[in-house]
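**Q** Let's see this in three dimensions:
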Amino acid sequence: MTRSFRRTGLRRIGVLGACTAAVVSFAAVAPAQAAVRAADTAHAVDGFEFTLFAKEVPGDGASASGQTPRVGDVFTSADDLYKTKGGDTVGRDGVTCAVVRVSGDQADANCVGTFVLNGGPGGQLTAQALVTFDVSNQAPAAYDIAVTGGTGDFKQARGYVRATPDGDYQQMEFHITTR
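**A** You can find the predicted model right below:
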């Protein structure tokens, strides 16, 4: 049996947010080419590099309990994704994490998520990460999320997403190869 929980210290672990990110899906009205900041873009024949900003979307009935996580705890998160902080929405993501180890003030969560991007390059990216975080810290350190596959323009995708806390946002730097 798993227990669900929300806590302030684990808020940004997913992303996959990405995560884990993560995780993780994003949908957009704007084409993905517009989502990619020109200064950060290197669209090579074999891949994509771009930066997006994730901001958590509160879930219905979610509460921040402040509890210390325990092995077996499961949490989910979802983000809206933007090409710039507070700019145009270019998608969304969703992540599920399970706490697999707790030792003192540190915990490990195995996070799996999906990113979905419409327009420009379009399709889904799947990702996962084992994220280590300090349970007493409100903002986890930067971490990498492994890209494990994709669909559409991201078919056969591999690479990683670097997730870095950035105020109320998570900066997500995508480094994707498609060969």
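**Q** Check the secondary structure at residue 153 for me.
**A** For residue 153, the assignment made with DSSP: H, G, I helix; E, B strand; the rest coil gives helix.
**Q** That one and residue 116 touch, don't they?
**A** No: proximity of residue 153 to residue 116 does not meet the contact threshold set by C-beta atoms under 8 Å, at 11.6 Å. Using the backbone N, CA and C atoms, a C-beta is placed for each residue, glycine as well.
**Q** So between these two, which is more surrounded?
**A** residue 116 (22 against 17; other C-beta atoms under 10 Å).
**Q** so that one touches residue 150, yeah?
**A** No: distance between residue 116 and residue 150: 9.8 Å, which falls outside the contact criterion (C-beta under 8 Å).
**Q** Verify the stated contact: residue 48 with residue 161.
**A** No: with contact defined as C-beta under 8 Å, residue 48 and residue 161 do not form a contacting pair (11.3 Å).
**Q** Spit out the residues that contact the two alike.
**A** Overlap between the neighbourhoods of residue 48 and residue 161 consists of residue 174, taking contacts as C-beta atoms under 8 Å, 6 or more residues apart in numbering.
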